[in-house]
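>>> this is the structure alone, sequence omitted:
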(Lines give C-alpha, C1' and ligand atoms only; values in the text may rest on other atoms or scores of the structure.)
Protein backbone atom coordinates (compact mmCIF):
# COMPACT_ATOMS: atom_id res chain seq x y z
CA UNK A 1 0.00 0.00 0.00
CA UNK A 2 2.75 2.38 1.02
CA UNK A 3 4.80 1.30 -1.94
CA UNK A 4 1.91 2.01 -4.26
CA UNK A 5 1.47 5.42 -2.72
CA UNK A 6 5.17 6.18 -3.14
CA UNK A 7 5.06 5.10 -6.75
CA UNK A 8 2.11 7.36 -7.34
CA UNK A 9 3.87 10.24 -5.60
CA UNK A 10 6.95 9.68 -7.72
CA UNK A 11 4.88 9.77 -10.88
CA UNK A 12 3.13 12.94 -9.84
CA UNK A 13 6.45 14.57 -9.01
CA UNK A 14 7.95 13.65 -12.34
CA UNK A 15 4.80 14.86 -14.04
CA UNK A 16 5.06 18.22 -12.30
CA UNK A 17 8.70 18.45 -13.22
CA UNK A 18 7.86 17.50 -16.77
CA UNK A 19 5.09 20.06 -16.98
CA UNK A 20 7.20 22.84 -15.61
CA UNK A 21 9.94 21.97 -18.01
CA UNK A 22 7.58 21.78 -20.91
CA UNK A 23 5.17 24.59 -20.22
CA UNK A 24 7.06 27.31 -22.05
CA UNK A 25 7.99 25.00 -24.89
CA UNK A 26 4.46 23.66 -25.15
CA UNK A 27 2.78 27.05 -25.02
CA UNK A 28 5.09 28.39 -27.67
CA UNK A 29 4.54 25.39 -29.93
CA UNK A 30 0.76 25.65 -29.56
CA UNK A 31 0.92 29.37 -30.29
CA UNK A 32 2.88 28.70 -33.45
CA UNK A 33 0.14 26.31 -34.50
CA UNK A 34 -2.35 29.14 -34.04
CA UNK A 35 -3.88 28.03 -30.72
CA UNK A 36 -5.61 31.12 -29.35
CA UNK A 37 -5.95 29.55 -25.88
CA UNK A 38 -2.22 29.06 -25.64
CA UNK A 39 -1.80 32.65 -26.69
CA UNK A 40 -4.17 33.85 -23.96
CA UNK A 41 -2.14 31.91 -21.37
CA UNK A 42 1.00 33.56 -22.69
CA UNK A 43 -0.67 36.96 -22.59
CA UNK A 44 -1.93 36.57 -19.03
CA UNK A 45 1.44 35.29 -17.82
CA UNK A 46 3.63 37.95 -19.34
CA UNK A 47 1.39 40.99 -19.72
CA UNK A 48 1.85 42.25 -16.12
CA UNK A 49 5.65 41.93 -16.18
CA UNK A 50 5.98 43.47 -19.63
CA UNK A 51 3.60 46.24 -18.57
CA UNK A 52 5.81 47.19 -15.62
CA UNK A 53 8.90 46.90 -17.77
CA UNK A 54 7.44 49.11 -20.48
CA UNK A 55 6.23 51.63 -17.93
CA UNK A 56 9.71 51.74 -16.43
CA UNK A 57 11.26 52.43 -19.82
CA UNK A 58 8.71 54.81 -21.29
CA UNK A 59 7.30 56.35 -18.08
CA UNK A 60 4.03 56.63 -19.97
CA UNK A 61 1.06 54.29 -19.38
CA UNK A 62 -0.64 55.09 -22.71
CA UNK A 63 2.48 54.40 -24.76
CA UNK A 64 3.08 51.21 -22.79
CA UNK A 65 -0.42 49.86 -23.27
CA UNK A 66 -0.64 50.80 -26.93
CA UNK A 67 2.72 49.26 -27.77
CA UNK A 68 1.84 46.12 -25.78
CA UNK A 69 -1.32 45.67 -27.84
CA UNK A 70 0.59 46.16 -31.06
CA UNK A 71 3.44 43.96 -29.89
CA UNK A 72 1.24 41.00 -28.93
CA UNK A 73 -0.71 41.37 -32.16
CA UNK A 74 2.59 41.34 -34.03
CA UNK A 75 3.71 38.19 -32.21
CA UNK A 76 0.43 36.44 -33.03
CA UNK A 77 0.49 37.42 -36.67
CA UNK A 78 4.08 36.39 -37.14
CA UNK A 79 3.83 33.27 -35.00
CA UNK A 80 4.59 30.98 -37.94
CA UNK A 81 7.87 32.70 -38.64
CA UNK A 82 9.07 32.66 -35.04
CA UNK A 83 11.82 30.26 -34.11
CA UNK A 84 11.26 27.48 -31.57
CA UNK A 85 11.82 28.48 -27.96
CA UNK A 86 12.43 26.56 -24.75
CA UNK A 87 12.05 29.63 -22.58
CA UNK A 88 9.83 32.47 -23.65
CA UNK A 89 10.71 35.31 -21.27
CA UNK A 90 13.99 36.42 -22.88
CA UNK A 91 12.39 36.56 -26.31
CA UNK A 92 9.41 38.60 -25.11
CA UNK A 93 11.45 41.03 -23.03
CA UNK A 94 14.01 41.62 -25.76
CA UNK A 95 11.52 41.94 -28.60
CA UNK A 96 9.15 44.13 -26.64
CA UNK A 97 11.97 46.42 -25.54
CA UNK A 98 13.08 46.81 -29.13
CA UNK A 99 9.48 47.36 -30.23
CA UNK A 100 8.86 49.97 -27.57
CA UNK A 101 12.12 51.82 -28.13
CA UNK A 102 11.38 52.04 -31.85
CA UNK A 103 7.98 53.59 -31.16
CA UNK A 104 9.43 55.96 -28.57
CA UNK A 105 12.13 57.03 -30.98
CA UNK A 106 9.53 57.73 -33.63
CA UNK A 107 7.47 59.79 -31.19
CA UNK A 108 10.53 61.59 -29.93
CA UNK A 109 11.58 62.52 -33.42
CA UNK A 110 8.52 64.71 -33.66
CA UNK A 111 9.80 66.72 -30.71
CA UNK A 112 13.59 66.44 -30.77
CA UNK A 113 15.67 66.09 -33.85
CA UNK A 114 17.93 63.32 -32.67
CA UNK A 115 17.21 60.81 -29.96
CA UNK A 116 20.16 59.00 -28.40
CA UNK A 117 20.57 55.43 -29.55
CA UNK A 118 21.08 53.27 -26.47
CA UNK A 119 21.44 49.57 -25.96
CA UNK A 120 20.89 49.75 -22.23
CA UNK A 121 17.78 51.57 -21.22
CA UNK A 122 17.86 54.17 -18.48
CA UNK A 123 15.68 52.81 -15.68
CA UNK A 124 15.04 54.93 -12.59
CA UNK A 125 13.72 53.69 -9.28
CA UNK A 126 11.39 55.49 -6.89
CA UNK A 127 11.34 55.33 -3.11
CA UNK A 128 7.78 53.99 -3.11
CA UNK A 129 8.54 50.82 -4.99
CA UNK A 130 11.33 49.72 -2.66
CA UNK A 131 10.71 47.43 0.28
CA UNK A 132 12.69 47.66 3.48
CA UNK A 133 14.43 44.51 4.61
CA UNK A 134 16.70 43.70 7.53
CA UNK A 135 19.65 45.30 5.79
CA UNK A 136 17.92 48.59 5.28
CA UNK A 137 15.47 48.64 8.17
CA UNK A 138 16.74 51.77 9.79
CA UNK A 139 17.53 53.19 6.47
CA UNK A 140 15.25 55.40 4.51
CA UNK A 141 14.00 54.10 1.17
CA UNK A 142 14.52 57.50 -0.33
CA UNK A 143 18.22 57.11 0.22
CA UNK A 144 18.18 53.59 -1.22
CA UNK A 145 16.43 54.68 -4.41
CA UNK A 146 18.92 57.54 -4.76
CA UNK A 147 21.77 55.07 -4.40
CA UNK A 148 20.17 52.70 -6.87
CA UNK A 149 19.76 55.44 -9.42
CA UNK A 150 23.44 56.30 -9.07
CA UNK A 151 24.42 52.85 -10.37
CA UNK A 152 25.44 52.44 -14.00
CA UNK A 153 22.61 51.79 -16.45
CA UNK A 154 23.58 48.17 -17.04
CA UNK A 155 23.55 47.38 -13.36
CA UNK A 156 20.19 49.09 -12.93
CA UNK A 157 18.65 47.11 -15.76
CA UNK A 158 20.07 43.86 -14.39
CA UNK A 159 18.69 44.68 -10.94
CA UNK A 160 15.28 45.45 -12.39
CA UNK A 161 15.09 42.24 -14.42
CA UNK A 162 16.31 40.14 -11.52
CA UNK A 163 14.40 41.53 -8.56
CA UNK A 164 11.37 43.14 -10.15
CA UNK A 165 10.69 40.86 -13.12
CA UNK A 166 11.96 37.81 -11.20
CA UNK A 167 13.94 36.51 -14.16
CA UNK A 168 16.74 33.98 -13.85
CA UNK A 169 20.32 35.04 -14.51
CA UNK A 170 20.37 32.86 -17.64
CA UNK A 171 17.34 34.69 -18.99
CA UNK A 172 18.79 38.09 -18.15
CA UNK A 173 21.98 37.17 -19.96
CA UNK A 174 19.93 36.53 -23.10
CA UNK A 175 18.01 39.78 -22.78
CA UNK A 176 21.05 41.93 -22.15
CA UNK A 177 23.19 40.06 -24.63
CA UNK A 178 25.97 39.34 -22.16
CA UNK A 179 27.11 36.00 -20.79
CA UNK A 180 25.91 34.40 -17.59
CA UNK A 181 28.99 35.18 -15.56
CA UNK A 182 28.78 38.84 -16.57
CA UNK A 183 25.20 39.01 -15.32
CA UNK A 184 26.19 37.56 -11.96
CA UNK A 185 29.17 39.88 -11.75
CA UNK A 186 27.12 42.93 -12.75
CA UNK A 187 24.48 42.11 -10.16
CA UNK A 188 27.03 41.43 -7.49
CA UNK A 189 28.89 44.62 -8.22
CA UNK A 190 25.65 46.57 -7.91
CA UNK A 191 24.63 44.93 -4.65
CA UNK A 192 28.12 45.29 -3.22
CA UNK A 193 28.38 48.99 -3.99
CA UNK A 194 24.88 49.49 -2.59
CA UNK A 195 25.89 47.79 0.66
CA UNK A 196 29.02 49.88 0.91
CA UNK A 197 27.16 53.11 0.28
CA UNK A 198 24.58 52.16 2.89
CA UNK A 199 27.31 51.42 5.41
CA UNK A 200 28.95 54.79 4.77
CA UNK A 201 25.69 56.70 5.01
CA UNK A 202 24.79 54.91 8.24
CA UNK A 203 28.06 56.03 9.76
CA UNK A 204 27.30 59.65 9.11
CA UNK A 205 23.68 59.54 10.21
CA UNK B 1 18.76 18.38 -2.73
CA UNK B 2 21.58 16.93 -0.67
CA UNK B 3 22.99 14.87 -3.52
CA UNK B 4 23.58 17.98 -5.56
CA UNK B 5 27.02 19.37 -6.08
CA UNK B 6 27.50 23.04 -5.38
CA UNK B 7 30.54 24.32 -7.19
CA UNK B 8 29.43 27.30 -9.24
CA UNK B 9 27.41 30.32 -8.21
CA UNK B 10 24.65 29.14 -10.53
CA UNK B 11 24.22 25.98 -8.42
CA UNK B 12 23.33 28.11 -5.41
CA UNK B 13 21.20 30.69 -7.21
CA UNK B 14 18.94 28.13 -8.87
CA UNK B 15 18.51 26.09 -5.70
CA UNK B 16 15.23 26.48 -3.83
CA UNK B 17 16.60 25.24 -0.50
CA UNK B 18 19.44 27.73 -0.66
CA UNK B 19 16.92 30.55 -1.10
CA UNK B 20 14.97 29.20 1.86
CA UNK B 21 18.08 29.35 4.01
CA UNK B 22 18.87 32.90 2.91
CA UNK B 23 15.42 34.16 3.89
CA UNK B 24 15.40 31.79 6.93
CA UNK B 25 12.20 30.15 5.79
CA UNK B 26 12.35 26.37 6.17
CA UNK B 27 13.76 24.59 9.24
CA UNK B 28 15.20 21.62 7.36
CA UNK B 29 16.85 23.82 4.78
CA UNK B 30 18.27 26.14 7.43
CA UNK B 31 19.92 23.33 9.35
CA UNK B 32 21.11 21.67 6.16
CA UNK B 33 22.83 24.80 4.94
CA UNK B 34 24.34 25.67 8.32
CA UNK B 35 25.83 22.19 8.39
CA UNK B 36 26.95 22.41 4.75
CA UNK B 37 28.71 25.75 5.21
CA UNK B 38 30.50 24.45 8.28
CA UNK B 39 31.81 21.53 6.25
CA UNK B 40 32.71 23.56 3.19
CA UNK B 41 34.71 26.52 4.47
CA UNK B 42 36.37 26.93 1.08
CA UNK B 43 32.99 27.80 -0.44
CA UNK B 44 32.32 30.57 2.08
CA UNK B 45 33.03 33.37 -0.36
CA UNK B 46 30.82 31.87 -3.02
CA UNK B 47 28.03 31.34 -0.49
CA UNK B 48 28.23 34.96 0.63
CA UNK B 49 28.15 36.18 -2.93
CA UNK B 50 25.15 34.02 -3.73
CA UNK B 51 23.44 35.15 -0.53
CA UNK B 52 23.96 38.78 -1.51
CA UNK B 53 22.47 38.09 -4.88
CA UNK B 54 19.45 36.26 -3.48
CA UNK B 55 18.74 39.04 -1.02
CA UNK B 56 19.49 41.79 -3.47
CA UNK B 57 16.93 44.54 -3.53
CA UNK B 58 13.32 43.99 -2.57
CA UNK B 59 10.68 45.72 -4.58
CA UNK B 60 7.13 46.48 -3.68
CA UNK B 61 5.94 45.09 -6.96
CA UNK B 62 2.99 46.82 -8.43
CA UNK B 63 1.71 44.89 -11.41
CA UNK B 64 -1.43 45.68 -13.31
CA UNK B 65 -4.60 44.09 -11.96
CA UNK B 66 -6.10 40.86 -13.24
CA UNK B 67 -9.11 42.80 -14.47
CA UNK B 68 -6.90 45.10 -16.47
CA UNK B 69 -5.11 42.14 -18.06
CA UNK B 70 -8.45 40.50 -18.93
CA UNK B 71 -9.66 43.76 -20.44
CA UNK B 72 -6.52 44.15 -22.54
CA UNK B 73 -6.82 40.53 -23.67
CA UNK B 74 -10.41 41.06 -24.85
CA UNK B 75 -9.22 44.06 -26.80
CA UNK B 76 -6.45 42.05 -28.45
CA UNK B 77 -8.68 39.05 -29.13
CA UNK B 78 -11.18 41.26 -30.97
CA UNK B 79 -8.40 42.69 -33.11
CA UNK B 80 -7.18 39.19 -33.96
CA UNK B 81 -10.69 38.04 -34.92
CA UNK B 82 -11.27 41.09 -37.11
CA UNK B 83 -7.98 40.57 -38.87
CA UNK B 84 -8.78 36.90 -39.42
CA UNK B 85 -12.01 37.74 -41.24
CA UNK B 86 -10.22 40.30 -43.37
CA UNK B 87 -7.44 37.86 -44.15
CA UNK B 88 -9.78 35.07 -45.16
CA UNK B 89 -10.87 37.27 -48.03
CA UNK B 90 -7.30 37.92 -49.02
CA UNK B 91 -6.17 34.33 -48.66
CA UNK B 92 -8.10 33.20 -51.72
CA UNK B 93 -5.83 35.31 -53.90
CA UNK B 94 -2.71 34.83 -51.88
CA UNK B 95 -2.79 31.06 -51.73
CA UNK B 96 -1.77 30.27 -55.31
CA UNK B 97 0.85 32.97 -55.07
CA UNK B 98 2.34 31.64 -51.86
CA UNK B 99 2.34 28.10 -53.23
CA UNK B 100 4.21 29.31 -56.28
CA UNK B 101 6.65 31.18 -54.07
CA UNK B 102 7.32 28.13 -51.92
CA UNK B 103 7.87 25.95 -54.97
CA UNK B 104 10.31 28.49 -56.30
CA UNK B 105 12.07 28.58 -52.96
CA UNK B 106 12.27 24.79 -52.84
CA UNK B 107 13.69 24.64 -56.34
CA UNK B 108 16.35 27.23 -55.62
CA UNK B 109 17.19 25.48 -52.36
CA UNK B 110 17.50 22.23 -54.29
CA UNK B 111 19.81 23.90 -56.73
CA UNK B 112 21.90 25.22 -53.91
CA UNK B 113 22.26 21.80 -52.27
CA UNK B 114 22.82 20.11 -55.62
CA UNK B 115 25.38 22.75 -56.45
CA UNK B 116 27.34 21.78 -53.37
CA UNK B 117 27.67 18.19 -54.52
CA UNK B 118 27.89 19.01 -58.18
CA UNK B 119 30.63 17.52 -60.22
CA UNK B 120 32.46 20.23 -62.07
CA UNK B 121 34.09 19.17 -65.31
CA UNK B 122 36.50 21.13 -67.46
CA UNK B 123 37.08 19.77 -70.93
CA UNK B 124 39.38 20.88 -73.69
CA UNK B 125 39.26 20.18 -77.41
CA UNK B 126 42.21 19.58 -79.66
CA UNK B 127 44.42 22.62 -79.96
CA UNK B 128 42.96 24.19 -76.84
CA UNK B 129 44.65 24.95 -73.52
CA UNK B 130 42.67 25.93 -70.49
CA UNK B 131 43.84 27.68 -67.32
CA UNK B 132 41.72 26.73 -64.33
CA UNK B 133 41.74 28.20 -60.86
CA UNK B 134 40.38 25.68 -58.39
CA UNK B 135 38.27 26.72 -55.40
CA UNK B 136 41.20 26.23 -53.03
CA UNK B 137 43.41 28.57 -55.07
CA UNK B 138 45.43 25.95 -56.90
CA UNK B 139 46.19 26.53 -60.56
CA UNK B 140 45.70 23.91 -63.19
CA UNK B 141 46.65 24.17 -66.84
CA UNK B 142 44.68 21.65 -68.84
CA UNK B 143 46.26 20.50 -72.07
CA UNK B 144 44.29 19.83 -75.24
CA UNK B 145 41.86 16.92 -75.46
CA UNK B 146 41.80 16.50 -71.69
CA UNK B 147 39.24 16.40 -68.97
CA UNK B 148 39.48 17.45 -65.30
CA UNK B 149 36.62 16.99 -62.85
CA UNK B 150 35.99 17.46 -59.15
CA UNK B 151 33.14 17.86 -56.69
CA UNK B 152 32.47 21.35 -55.40
CA UNK B 153 32.59 20.22 -51.76
CA UNK B 154 35.91 18.47 -52.31
CA UNK B 155 37.89 20.63 -54.68
CA UNK B 156 41.25 19.27 -53.59
CA UNK B 157 40.49 15.89 -55.16
CA UNK B 158 40.47 15.94 -58.94
CA UNK B 159 40.06 13.30 -61.61
CA UNK B 160 42.17 13.66 -64.69
CA UNK B 161 42.19 12.11 -68.10
CA UNK B 162 44.56 13.69 -70.55
CA UNK B 163 47.32 15.99 -69.47
CA UNK B 164 47.49 18.78 -66.93
CA UNK B 165 50.06 20.80 -65.09
CA UNK B 166 49.31 21.51 -61.44
CA UNK B 167 50.47 24.27 -59.17
CA UNK B 168 49.00 23.32 -55.84
CA UNK B 169 48.72 25.84 -53.06
CA UNK B 170 50.03 24.56 -49.79
CA UNK B 171 47.50 24.68 -47.00
CA UNK B 172 49.81 25.28 -44.08
CA UNK B 173 47.13 25.66 -41.43
CA UNK B 174 45.25 22.44 -42.22
CA UNK B 175 47.98 20.47 -43.95
CA UNK B 176 45.24 19.35 -46.34
CA UNK B 177 46.38 17.09 -49.10
CA UNK B 178 45.65 17.50 -52.75
CA UNK B 179 44.81 14.46 -54.84
CA UNK B 180 45.01 13.81 -58.54
CA UNK B 181 43.33 10.57 -59.55
CA UNK B 182 43.82 8.82 -62.87
CA UNK B 183 43.04 5.35 -64.16
CA UNK B 184 46.47 4.15 -63.18
CA UNK B 185 47.39 5.90 -59.98
CA UNK B 186 46.75 8.73 -57.62
CA UNK B 187 49.14 11.52 -56.82
CA UNK B 188 49.22 12.68 -53.23
CA UNK B 189 50.38 16.25 -52.86
CA UNK B 190 50.96 18.82 -50.14
CA UNK B 191 51.87 21.80 -52.28
CA UNK B 192 54.05 21.75 -55.32
CA UNK B 193 54.00 21.89 -59.11
CA UNK B 194 53.91 18.85 -61.31
CA UNK B 195 52.67 17.52 -64.59
CA UNK B 196 50.33 14.56 -65.08
CA UNK B 197 49.72 12.94 -68.43
CA UNK B 198 47.34 10.03 -68.94
CA UNK B 199 47.50 9.86 -72.69
CA UNK B 200 48.74 6.66 -74.37
CA UNK B 201 47.11 4.29 -71.87
CA UNK B 202 49.48 5.09 -69.03
CA UNK B 203 49.93 7.87 -66.53
CA UNK B 204 53.12 9.84 -66.61
CA UNK B 205 53.95 12.20 -63.77
CA UNK B 206 56.68 14.76 -63.93
CA UNK B 207 57.56 16.61 -60.74
CA UNK B 208 58.88 20.10 -61.19
CA UNK B 209 59.25 21.06 -57.56
CA UNK B 210 58.18 19.97 -54.10
CA UNK B 211 57.38 16.41 -53.13
CA UNK B 212 54.62 14.03 -54.14
CA UNK B 213 53.70 10.45 -53.45
CA UNK B 214 52.31 8.21 -56.14
CA UNK B 215 49.84 5.60 -55.03
CA UNK B 216 49.86 3.12 -57.86
CA UNK B 217 46.82 0.97 -58.56
CA UNK B 218 48.78 -2.15 -57.59
CA UNK B 219 49.16 -0.80 -54.08
CA UNK B 220 52.76 0.35 -54.34
CA UNK B 221 53.64 3.78 -52.96
CA UNK B 222 56.31 5.70 -54.79
CA UNK B 223 57.95 8.88 -53.61
CA UNK B 224 59.07 11.37 -56.22
CA UNK B 225 61.68 14.11 -56.01
CA UNK B 226 61.99 17.17 -58.28
CA UNK B 227 63.04 16.25 -61.83
CA UNK B 228 61.63 12.73 -61.59
CA UNK B 229 59.58 11.49 -64.46
CA UNK B 230 57.60 8.32 -63.75
CA UNK B 231 55.10 6.59 -65.97
CA UNK B 232 53.01 3.64 -64.97
CA UNK B 233 50.33 1.53 -66.57
CA UNK B 234 47.77 -0.18 -64.37
CA UNK B 235 46.85 -2.55 -67.18
CA UNK B 236 50.39 -3.80 -67.60
CA UNK B 237 50.98 -3.39 -63.86
CA UNK B 238 54.46 -2.04 -64.35
CA UNK B 239 56.45 1.13 -64.12
CA UNK B 240 57.32 1.95 -67.73
CA UNK B 241 59.70 4.84 -67.15
CA UNK B 242 61.49 6.15 -64.09
CA UNK B 243 64.00 8.75 -65.10
CA UNK B 244 65.28 12.14 -64.04
CA UNK B 245 64.91 15.00 -66.47
CA UNK B 246 67.09 18.03 -65.98
CA UNK B 247 65.31 20.27 -68.43
CA UNK B 248 61.76 20.57 -67.13
CA UNK B 249 60.59 22.64 -70.10
CA UNK B 250 60.66 19.48 -72.19
CA UNK B 251 57.78 18.08 -70.15
CA UNK B 252 55.94 21.21 -69.15
CA UNK B 253 56.45 23.68 -71.98
CA UNK B 254 53.02 22.82 -73.40
CA UNK B 255 51.38 24.81 -70.64
CA UNK B 256 52.90 27.96 -72.07
CA UNK B 257 51.53 27.01 -75.45
CA UNK B 258 54.52 25.36 -77.10
CA UNK B 259 56.12 21.98 -77.47
CA UNK B 260 59.88 21.60 -77.24
CA UNK B 261 61.66 19.07 -79.35
CA UNK B 262 65.24 18.30 -78.40
CA UNK B 263 66.92 16.17 -81.05
CA UNK B 264 63.76 14.15 -81.53
CA UNK B 265 62.92 12.10 -84.56
CA UNK B 266 60.10 13.61 -86.59
CA UNK B 267 58.10 10.43 -86.00
CA UNK B 268 58.21 10.96 -82.22
CA UNK B 269 57.63 14.66 -82.60
CA UNK B 270 54.56 14.12 -84.76
CA UNK B 271 53.14 11.80 -82.09
CA UNK B 272 53.10 14.82 -79.80
CA UNK B 273 51.43 16.89 -82.48
CA UNK B 274 48.85 14.14 -82.86
CA UNK B 275 48.16 14.24 -79.12
CA UNK B 276 47.69 17.99 -79.14
CA UNK B 277 45.73 18.52 -82.30
CA UNK B 278 44.05 15.19 -82.90
CA UNK B 279 45.18 14.84 -86.50
CA UNK B 280 46.15 11.43 -87.82
CA UNK B 281 49.73 11.42 -88.99
CA UNK B 282 50.65 9.85 -92.30
CA UNK B 283 54.28 9.58 -93.41
CA UNK B 284 54.79 9.19 -97.13
CA UNK B 285 58.38 8.01 -96.79
CA UNK B 286 60.76 6.59 -94.22
CA UNK B 287 63.37 9.37 -94.60
CA UNK B 288 61.04 12.03 -93.22
CA UNK B 289 60.28 9.81 -90.23
CA UNK B 290 63.94 9.64 -89.32
CA UNK B 291 64.58 13.35 -89.72
CA UNK B 292 65.72 14.88 -86.44
CA UNK B 293 64.01 18.03 -85.20
CA UNK B 294 65.04 20.55 -82.57
CA UNK B 295 62.94 23.59 -81.70
CA UNK B 296 59.59 24.74 -80.45
CA UNK B 297 56.16 24.64 -82.07
CA UNK B 298 52.88 26.14 -80.89
CA UNK B 299 50.13 23.80 -79.74
CA UNK B 300 47.11 25.99 -80.14
CA UNK B 301 47.44 26.91 -83.82
CA UNK B 302 47.87 24.06 -86.29
CA UNK B 303 48.74 26.26 -89.28
CA UNK B 304 51.58 28.08 -87.56
CA UNK B 305 52.69 24.74 -86.14
CA UNK B 306 52.89 23.21 -89.64
CA UNK B 307 54.79 26.23 -90.92
CA UNK B 308 57.26 26.01 -88.05
CA UNK B 309 57.96 22.35 -88.68
CA UNK B 310 58.29 22.90 -92.43
CA UNK B 311 60.79 25.70 -91.76
CA UNK B 312 63.00 23.77 -89.36
CA UNK B 313 63.12 20.45 -91.19
CA UNK B 314 63.07 19.58 -94.86
CA UNK B 315 59.50 18.25 -95.18
CA UNK B 316 56.20 19.21 -96.72
CA UNK B 317 53.04 18.84 -94.65
CA UNK B 318 49.61 18.75 -96.20
CA UNK B 319 46.54 19.18 -94.00
CA UNK B 320 43.74 17.06 -95.43
CA UNK B 321 40.48 16.38 -93.57
CA UNK B 322 41.69 15.07 -90.24
CA UNK B 323 45.14 13.96 -91.24
CA UNK B 324 48.52 15.48 -91.76
CA UNK B 325 50.35 14.00 -94.70
CA UNK B 326 54.13 14.37 -94.51
CA UNK B 327 56.47 13.95 -97.41
CA UNK B 328 59.99 14.86 -98.37
CA UNK B 329 60.32 18.20 -100.09
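Structure received. Predicted, not measured: the structure shown is a model, and the values here were computed from it. Numbers count the residues shown, from 1 in each chain, chains lettered A, B, ... in the order given.
>>> pLDDT score for residue B:203?
Per-residue confidence (pLDDT) for residue B:203: 91.
>>> surely it is in contact with residue B:180?
No. The criterion here is C-beta atoms under 8 Å, and residue B:203 misses it with residue B:180 at 9.2 Å. No exception for glycine: its C-beta is placed from N, CA and C like everyone else's.
>>> find residues that contact each of the two.
Listed as contacting both residue B:203 and residue B:180 by C-beta atoms under 8 Å, 6 or more residues apart in numbering or on different chains are residue B:196.
>>> disregarding residues adjacent in the polypeptide, which is nearest to residue A:194?
Leaving aside its chain neighbours, residue A:194 sits nearest to residue A:147 (5.7 Å; criterion: C-beta to C-beta, 6 or more residues apart in numbering or on different chains).
>>> where's that neighbour, which helix or strand?
According to DSSP states H and E, residue A:147 maps onto helix A:141-150.
>>> and the helix or strand hosting residue B:263, what's its mean pLDDT?
Using DSSP H and E, the element containing residue B:263 is strand B:258-265. Averaged over strand B:258-265, pLDDT sits at 84.
>>> neighbouring contacts of that strand?
Taking C-beta under 8 Å, 6+ apart as the rule, strand B:258-265 contacts B:247, B:249-250, B:253, B:269, B:272-273, B:276, B:289-299.
>>> now those: which count as buried?
B:249-250, B:253, B:269, B:272-273, B:276, B:289, B:291, B:293, B:295-299 (16 or more other C-beta atoms under 10 Å in any protein chain shown).
>>> which members of these are the farthest-apart pair?
Distance extremes for the buried ones among the contacts of strand B:258-265: the farthest pair is B:249 and B:289 at 24.9 Å, using C-beta to C-beta.
>>> where in the chain is pLDDT low?
No chain specified, so I'll use chain A. A:1-4, A:6-7, A:9-22, A:109-120, A:132-142, A:204-205 (pLDDT under 70).
>>> wait, chain B
B:1-4, B:87-94, B:114-116, B:172-175.
>>> domains of it?
As recorded under automatic domain parsing, the domains making up chain B are B:9-55, B:63-115, B:120-250, B:257-328.
>>> is the second one in proximity to chain A?
Yes. Part of domain B:63-115 sits close enough to chain A to count as contact by C-beta under 8 Å from any C-beta of the partner chain, namely B:63-64, B:69-70, B:72-73, B:75-77, B:79-80, B:83.
>>> inside helices: which ones of those residues?
Judged by DSSP state H, helices contain the following of these: B:69-70, B:72-73, B:75-77, B:79-80, B:83.
>>> the helix holding residue A:147 packs against which elements?
Counting contacts by 3 or more C-beta pairs under 8 Å, 6 or more residues apart in numbering or on different chains; DSSP states H and E, helix A:141-150 is packed against helix A:153-159, helix A:180-204.
>>> adjacent strands (with direction) for the helix or strand that contains residue B:282?
If you go by DSSP H and E, residue B:282 is part of strand B:280-283. The partner list of strand B:280-283 in its sheet, established with DSSP bridges, is strand B:323-328 (parallel).
>>> got the buried residues for the strand it pairs with?
For strand B:323-328, by 16+ other C-beta under 10 Å, it's B:324-326.
>>> cool, and stretch A:63-74?
Of the residues in stretch A:63-74, A:63-65, A:67-68, A:71-72 count as buried by neighbour count, 16+ other C-beta under 10 Å.
>>> show me which of these neighbour chain B.
A:65, A:68, A:72.
>>> residue B:143 contacts residue B:129, doesn't it?
Yes. Applying C-beta under 8 Å as the test, residue B:143 and residue B:129 come out as touching, 6.2 Å apart.
>>> joint contacts of those two?
B:254-255, B:299.
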